[in-house]
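> Here is my input, please return the structure:
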Amino acid sequence: MAKEKKTKEKAKPKEKKEKSSSGGMQQMLMDHGEKIGLGIAGAIFLACVVFGFIGKTKLDDSKTIASLETAIGGVKQRMDDVKPPAMPNPTWVKLADNPAKIPPAPLALNPWVPPIFELQGVRSEPKYFPAEQLRVIAGRAPFNVGGAADATAPGVPAAGGAAAGGGPPEGSSSKGEFYVVGTFLIPVGKQRAEYDRVFADTQKMPGDERLAQDKPEYFRYVLERAQVTPGTPDDQLQWVALNEADNAGVTEDNRFPALLAKRAEWAVLRQDIVPTPFTEPVLTYGKVLAEDETSWLPPRLPEPTTQWTWSEVGHGVIADMVTKFTEQSKAAAAAAGPDAPAEADPEEAMRKFVDTQPYKLGRFWDFAVEPGASYRYRITLVLRNPNRGYTKQFLKDEKLSVGDFRPASPLDAAETNRPVSEASYVVQVPGRTEIVVGGIVPDGESGNRTGEDAATVAASVWENTAEAIADYEKEVNAIRVPRLKAPAQQALETLKEVWAKVDYVEAALEFRVFRGQFLSMKAATQITHPLFNKVETLKNVRFDTGFTLVDMRGGKAPAKPAGPAAAAAPAAMAPPVEYLLLDPEGNLVIRSEIGDRAAYKRKLAAVTQAAAEDAASGANTIDQLNK
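Numbering: from 1, shown residues only. Prediction:
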């Protein structure tokens, strides 16, 4: 009985659970029946709308596959029937050069829409780089002019700088001039790289001769000069163009009129010490060198004692390039061995080397300078326009093809792409008189018995030979004693013959002066004849320097110490000699033996050699002058 009771108790929960599940469903329907009904009604409504719309749409029975194929065929046929008018087929080069001759097309063109990105392949303007490291040197010298143009081929230097026999060309003379020579570096490497950057990806046309314009082509330079006075600020310098500033007035044969006019005067040309491939001819010689023409320098006299030097007409950077080429050539020859064939064209090998270098040499000459004046120079390089001749479809801006040269206006400060160099340092042209420090002669030494120290001075003057001879002639005419007048008259005739073809010479004389004394006198002196490089005498040279010696110091070694230590003391060095001078304008000038030592010896060279030459040969140049 107990077991049956327990079994009934266990069965009761299951029955209760079944009753609970049935009751939950009923409860849910009672709670959410309204929402369920609304959802079913909405779905039925949407189905009715969709099926109603589909029922109203009807397909066009005529739009069958066959009818569509027929319509497409008709459109193609109408397109094929359109025949545009016949057009010529010119080459692209002719179309680019003559766009106005392209026949009009009847087809309408869509309006041009600017691209979002930069167009590729059009030409733009490169940056132009100025000359670098402008250096200037001034001087005075006689030049060989006249009479030799017929005897010497134009532009071909005579052997050794002179005519056969070692003398000057027959009929030539000596003309003294003041000058300034300037040298500068042309940045050809930098300019080539800039052209390559700008034009490398531009449109190229087969057979187009303008492709050569993608390399820099220098045409000329515009040289400017400003005279400098003490205290003038840089921004107040008055720059004056020394050659034609307007490109329109320049031709290929008239790029540097002043230099070419001087060149026509010279009797003979000297061989340039700078190899031609290292120069840019139009920026160094003022012209393109002809096939039978070589590089040249002005014929400064006397030869060969006044050869031009690298410091005057060259440049240190170019000298380093020449040295580098020479060393490479020697190394290549050594590696090839003695049996290797010689270089067919050494100058061509030099050109290939220069094409890999950053610079070429440029040079200018200025003969229109005033003695004693100070100047500064600057240069604007002018190149041919690399975009000349191109039409607007090849250019970023059609204005780029306007004008044959860049910059179009070399002196227009408004041009932003103007390759003007920095101004040179100040260079002073030598005056007609120069004073060079020699030394001090203490009282009691070398014949100085005046009671005070004396200064030895080398006075150098730019003397007009005709005026000196005319002054001497007055003295001869004033002689009244016949036995004295006859030799003086003979000396006068000799002077006229010797110096007939020389206008100006540099004459120097050494003399002693004391404090407060004017450096001025008239004397005969020995001068190296510029035409024949022989020492001759010129009388009545006027050494009117206009300088006054105010004071001097140095030249004396300090006294040795007294006592036992004197013998062991090292020899004391004398301080350099310095002069305090008053120039003709009233300015105090200090000259030092340190800076003048070399010039002192050079200016007095003719004087010191005169005795030796007279002893070696009593002949003069009369026989040569009588040719």
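> can you give me the helices in this protein?
Here the chain has its helices, by DSSP state H, at 2-56, 65-81, 92-97, 188-199, 257-265, 281-284, 310-313, 316-336, 346-354, 465-477, 482-498, 593-603, 605-616, 622-625.
> Run a quick neighbour tally on Ile379.
Ile379 is flanked by 25 other residues according to other Cβ atoms under 10 Å. Just so you know, the C-beta spots here come from the backbone N, C-alpha and C atoms, and that holds for glycine as well.
> cool, Asp272 as well?
Other residues close to Asp272 by other Cβ under 10 Å number 21.
> Can you tell me, leaving aside adjacent residues, what's nearest to it?
Ser295 (3.7 Å; Cβ to Cβ, 6 or more residues apart in numbering).
> Just to check, the one you found is in contact with Thr284?
Yes: if you go by Cβ atoms under 8 Å, Ser295 and Thr284 touch, sitting 7.4 Å apart.
> From Val145, how far off is Phe367?
Distance, Phe367 to Val145, using Cβ to Cβ, to the nearest Å: 12 Å.
> how far does the strand ranked longest in the chain sit from the chain's center?
Counting by DSSP state E, the longest strand found in the chain is strand 535-553. Distance of strand 535-553 from its chain centroid, counting by Cα atoms, centre = their mean, to the nearest Å, is 40 Å.
> Name every strand pairing with it and say which way it goes.
Each strand paired with strand 535-553, and its direction, by DSSP bridges: strand 518-528 (antiparallel), strand 578-582 (antiparallel).
> So which bits of the first one are buried?
Taking 16 or more other Cβ atoms under 10 Å as the neighbour-count basis, strand 518-528 is seen to contain the buried residues 519-520, 524-528.
> so where's this protein uncertain?
Applying pLDDT under 70 to the chain flags residues 1-33, 48-63, 82-120, 147-167, 204-210, 343-344, 446, 448, 558-571, 610-627.
> Spatially central residue for it, please.
Ala131 (3.2 Å; Cα atoms, centre = their mean).
> these two touch, right, Asp544 and Ser520?
Yes: counting by Cβ under 8 Å, Ser520 is a contact partner of Asp544 at 5.0 Å.
> Just give the nearest non-adjacent residue to Gln357, would you?
In space, Gln357 is closest to Met321, 5.5 Å off (Cβ to Cβ, 6+ apart).
> Test my guess that the one you found contacts Phe278.
Yes: counting by Cβ under 8 Å, Met321 touches Phe278, with 6.3 Å between them.
> More neighbours: the two, which one.
Taking other Cβ under 10 Å, Met321 and Phe278 do not tie; Phe278 has more neighbours (24 against 20).
> what's the spacing between that one and Leu484?
61 Å.
> now swap in Lys496 and tell me
Taking Cβ to Cβ, one finds Lys496 at 19 Å from Leu484.
> So for those two, which sits in the more crowded spot?
Lys496 (15 against 11).
> Can you give me every residue that contacts that one?
Ile469 (Cβ atoms under 8 Å, 6 or more residues apart in numbering).
> Tell me which of Phe367 and Val145 has more neighbours.
Using other Cβ under 10 Å as the criterion, Phe367 and Val145 rank with Val145 on top: 24 against 16.
> quick revisit: ranking the helices of the chain by burial, who's on top?
helix 281-284 (a mean of 21; mean count of other Cβ atoms under 10 Å).
> Distance from that one to the middle of the chain?
Worked out by Cα atoms, centre = their mean, helix 281-284 lies 10 Å from the chain centre.
> How about stretch 235-243?
18 Å.
> can you check stretch 452-460 too?
The answer for stretch 452-460 is 43 Å, by Cα atoms, centre = their mean.
> still on that earlier bit, which pair in the buried residues of strand 518-528 has the greatest spatial separation?
Spatial extent of the buried residues of strand 518-528 (Cβ to Cβ) is set by the pair Ser520 and Thr528 at 23.4 Å.
> coming back round to it: how about the contacts made by the residue nearest to Asp272?
Neighbours of Ser295 in contact, by Cβ under 8 Å, 6+ apart: 271-272, 274-276, 279, 281, 284-285, 289.
> make it 7 Å
Taking Cβ atoms under 7 Å, 6 or more residues apart in numbering, we find Ser295 in contact with 272, 274, 276, 279, 285, 289.
> phi, psi of the closest residue to the third one other than its chain neighbours?
Leaving out its chain neighbours, the residue that sits closest to Thr276 by Cβ to Cβ, 6+ apart is Ser295, at 4.5 Å. Dihedral angles phi and psi of Ser295 (degrees, to the nearest 10) take the values phi -70, psi 150.
> any idea how far Ser295 lies from Pro275?
Taking Cβ to Cβ, one finds Ser295 at 8 Å from Pro275.
> one step back: quick check, nearest of the buried residues of strand 518-528 to Phe394?
Distances from Phe394 to those, taken by Cβ to Cβ, are shortest for Thr528, at 63.2 Å.
> what's across from the closest one in the sheet?
Beta-bridge partners, per DSSP bridges, of Thr528: Val535.
> pretty sure it contacts Ala508?
No: judged on Cβ atoms under 7 Å, Thr528 makes no contact with Ala508 at a distance of 10.0 Å.
> quick one: Ala66 and Tyr218, what's the gap?
Taking Cβ to Cβ, one finds Ala66 at 76 Å from Tyr218.
> again with Lys399
Taken as Cβ to Cβ, the span from Lys399 to Tyr218 is 23 Å.
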